[in-house]
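**Student:** 3D, please:
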Amino acid sequence: MGQPCPALHSVSVAGAVIDDAGRALVVRRRDNARWEPPGGVLELPETIEEGLQREVHEETGLHVEVQALTGVYKNLPRGIVALVFRCRPTGGTLHPNDEASDFRWLSKAEAVQLLDEAYAVRLTDAMDHSTCPAVRTHDGTKLLAQHEPPKH
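**Tutor:** Down below sits the predicted model:
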């Protein structure tokens with residue numbers, strides 16, 4: 001019997017950038033026209049915070065202060081683990097670019113209406129200000145059922 005293949009995962013980061021009015025920033029991606037929080041795959045030599053700040057700046061033009069980890073999300077079919085952080089904008093200007101064609105600031109209810117469930121929950125979890133990060137799985141669009149830990 002052969003050796004099992006090692007699990008191949010990528011780690012991405014996303015910023016739930018929240019403004020003073022409590023709204024979250026989303027970008028319209030050029031590659032698939034979907035609305036999502038800004039973010040992307042971490043590069044090997046960078047820290048998690050550096051990667052998050054780089055990705056948010058590349059996709060939006062904004063500089064952010066990272067405040068708290070608000071959730072860990074796994075896309076099961078694609079093997080992507082996303083770390084989502086609540087952030088505060090500190091400067092810069094929104095501008096369309098190679099990755100994002102448009103931007104919107106959304107309330108929690110607007111995020112649920114506009115975004116696929118797997119991405120809306122990233123913002124709603126961040127907007128809830130919980131002290132514990134959410135841990136969820138999804139199929140790229142829909143959340144998958146969460147299993148309760150066994151009770152002792």
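**Student:** what number of residues lie near P77?
**Tutor:** The tally of other residues near P77 (other Cβ atoms under 10 Å) stands at 8. For the C-beta atoms, the positions are set from N, CA and C on the backbone; glycine is no exception.
**Student:** likewise D125?
**Tutor:** For D125, using other Cβ under 10 Å, the count is 21.
**Student:** secondary structure element for it?
**Tutor:** helix 117-127 (DSSP states H and E).
**Student:** who does that helix touch, helix- and strand-wise?
**Tutor:** If contacts are counted by 3 or more Cβ pairs under 8 Å, 6 or more residues apart in numbering; DSSP states H and E, helix 117-127 sits against strand 10-17, strand 24-29, strand 62-75, strand 80-92, helix 108-114, strand 134-138.
**Student:** can you redo the ones you listed as CSV with distance to L52?
**Tutor:** As requested, the helices and strands packed on helix 117-127 are exported to CSV (distance: least, Cβ to Cβ, whole Å):
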stretch, distance to L52
strand 10-17, 4
strand 24-29, 13
strand 62-75, 6
strand 80-92, 6
helix 108-114, 19
strand 134-138, 17
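**Student:** Now do the buried residues in the lowest-mean-pLDDT helix or strand in the chain.
**Tutor:** Ranking every helix and strand in the chain by mean pLDDT, DSSP states H and E puts strand 134-138 at the bottom, with a mean of 91. If you call a residue buried by 16 or more other Cβ atoms under 10 Å, then strand 134-138 has these buried ones: 134, 136-138.
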